[in-house]
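Need a 3D model of the following:
(one chain, ligands or ions: 2)
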Amino acid sequence: MSPIPAGRPLRVLGIETSCDETAAAIVDGERRILSDRVLSQTGVHRPYGGIVPEIAARAHLDHLDGLVRDALAEAGVGLDGIDAVAATGGPGLIGGVMVGVMTAKGIALARGLPFLAVNHLEGHALTARLSDGLAFPYLLLLVSGGHTQLLVVEGVGRYVRLGTTIDDAAGEAFDKTAKLLGLPYPGGPAVERAAGGGDPTRFALPRPMLGRPGCDFSFSGLKTAVRHAVAALPQPLSPRDVADMAAAFQAAVAAVVADRGRRAVALFRARHPEGGALVVAGGVAANRAIRTALETLAAECALPFVAPPLRLCTDNGAMIAWAGIERLRLGQRDDLAFAPRPRWPLDPTAPAAIGAGVKA
Ligand code: KG4
Ligand code: ZN
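Numbering: from 1, shown residues only. Ligands and ions are numbered 1, 2, ... in the order given. Model (predicted):
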């Protein structure tokens, strides 16, 4: 039986539990987000200075049912008004992914609905089509706590990875730098705030991979350079030291992102001489300095710059529901025997990156 209903747009429940956000949303085939509930676990993990996978999984288990109920209520529909259930099937922290997948399978089985296991990266990759109705193809920079990737998005299920991090993700580097500077978790926003009052030229930090061939990233050397520079300063650090170091770090990341992005645009243009856009997604996309660097790059390359609203750039259920809608329209669905995948590259032909993080 076709899941496409007669007389009204397709409606999908999306569930996201792959990292430290528990999320459930209802989205329809006309790009309307009928509800979008996100419960962040930041407070739960803050005492540990990072995400504890076991605690994350338990928190998802505690809250997911309630969030699904709230998402349905806010959308004003019951389970009988839903046409399919999509959940992040990976990549991510496996305990959390299992909670989301089992919940989605349970609902699908009980209600006889199609189940879709969505690749979390595909959720990020297709978000600009939900928020902005963007046409294929486009170039995506995904910069989050777990991933830093440049992808050509050519169609649903058709992704070409141009570059990825060979060690830490950009967000991870922000979080680790924050820790070194004595700033709170999550580090990105704290580093950005501190950098606002700092002098980016006082400390000379490296710009890893700048000018190198290809589009890969590396951030662990930058983080180590911050550690050495911090250790050479009188302790405890003065607010001025913290601000200047944060500004130097942020400027280095922005410069590297612009350099790698410029190379990726050239490769994108070689594949697609016409059209396209530069799209950014992931929590680090919130950073003004990085956003400005990308906006400048897009203008230089005469590409429209598309940044979905921040709420849709960070982890959420709406992007999973939307990816489900896109796949469902192509007649796709997954078997209830689907096994959650801690690692799940979007572009299986791309070489595996050494030490790349598992969350997105
Ligand atoms: O996409 P996201 O919400 O979650 C996943 O990683 O899946 O991204 C979170 C990451 C964290 O590393 C956080 O420090 C970083 O995004 N981040 C930022 C900013 N806001 C969040 N990094 C730099 N500047 C920001 N303003
Ligand atoms: Zn993500």
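
Does at least one residue of the worst-scoring helix or strand of the chain on mean pLDDT sit close to ligand 1?
The weakest-scoring helix or strand in the chain, judged by mean pLDDT, DSSP states H and E, is helix 42-45 (a mean of 85). No - judged by CB under 6 Å from any ligand atom, helix 42-45 makes no contact with ligand 1; its nearest approach is 9.6 Å. (C-beta placed from N, C-alpha, C; glycine too.)

For the helix or strand following that helix, which helices and strands make contact with it?
Downstream of helix 42-45, the first helix or strand assigned by DSSP states H and E is helix 53-75. Counting by 3 or more CB pairs under 8 Å, 6 or more residues apart in numbering; DSSP states H and E, the packing neighbours recorded for helix 53-75 are strand 11-16, strand 21-28, strand 33-40, helix 42-45, helix 94-111.

Okay, now the unreliable bits of the stretch 251-360 of the chain?
Filtered on pLDDT under 70, the stretch 251-360 of the chain yields the residue ranges 353-360.

Find the closest residue to ligand 1 in it.
Closest residue of the stretch 251-360 of the chain to ligand 1, CB to the nearest ligand atom: residue 283 (2.2 Å).

Residue 139: what secondary structure?
Following DSSP: H, G, I helix; E, B strand; the rest coil, residue 139 is assigned to strand.

burial count for it?
26 (other CB atoms under 10 Å).

how much space between it and residue 32?
In this view, residue 139 and residue 32 are 27 Å apart by CB to CB, to the nearest Å.

OK, contacts around the closest residue to residue 16 other than its chain neighbours?
Nearest residue to residue 16 in three dimensions, chain neighbours excluded: residue 23, at 4.1 Å (CB to CB, 6 or more residues apart in numbering). Contact analysis of residue 23 by CB atoms under 8 Å, 6 or more residues apart in numbering lists 14-17, 36-39, 67, 315-317, 320.

near ligand 1, from the residues you listed?
Checking the contacts of residue 23 against ligand 1 (CB under 6 Å from any ligand atom), the matches are residue 315.

Which single one of the contacts of residue 23 is nearest to ligand 2?
Checking the contacts of residue 23 against ligand 2 with CB to the ion, the nearest one is residue 315 at 4.4 Å.

Give the burial count for the nearest residue to the closest one once chain neighbours are set aside, as a bare number.
Distances taken as CB to CB, 6+ apart put residue 21 closest to residue 315, at 4.3 Å, once the chain neighbours are dropped. Neighbourhood size, residue 21 [other CB under 10 Å]: 21.

Hmm, residue 21 is touching residue 319, no?
No - using CB atoms under 8 Å, residue 21 is not in contact with residue 319; the gap is 11.3 Å.

rewinding a little: identify the bridge partners of the residue nearest to residue 315.
In this structure, residue 21 bridges to residue 40 when assessed by DSSP bridges.

Could you chop this protein up by domain?
Domain segmentation of the chain under automatic domain parsing yields 11-128+312-329, 137-307.

end-to-end on the shortest one?
Same thing as domain 11-128+312-329. One end of domain 11-128+312-329 sits 11 Å from the other (CA to CA, to the nearest Å).

before we move on, what about the last one?
Domain 137-307 has an end-to-end distance of 15 Å (criterion: CA to CA).

Same check on stretch 67-84?
Stretch 67-84 has an end-to-end distance of 17 Å (CA to CA).

Can you give me the neighbour number for the closest residue to residue 211 other than its chain neighbours?
Excluding its sequence neighbours, the residue lying closest to residue 211 (CB to CB, 6+ apart) is residue 259, at 6.7 Å. Using other CB under 10 Å, residue 259 is surrounded by 19 other residues.
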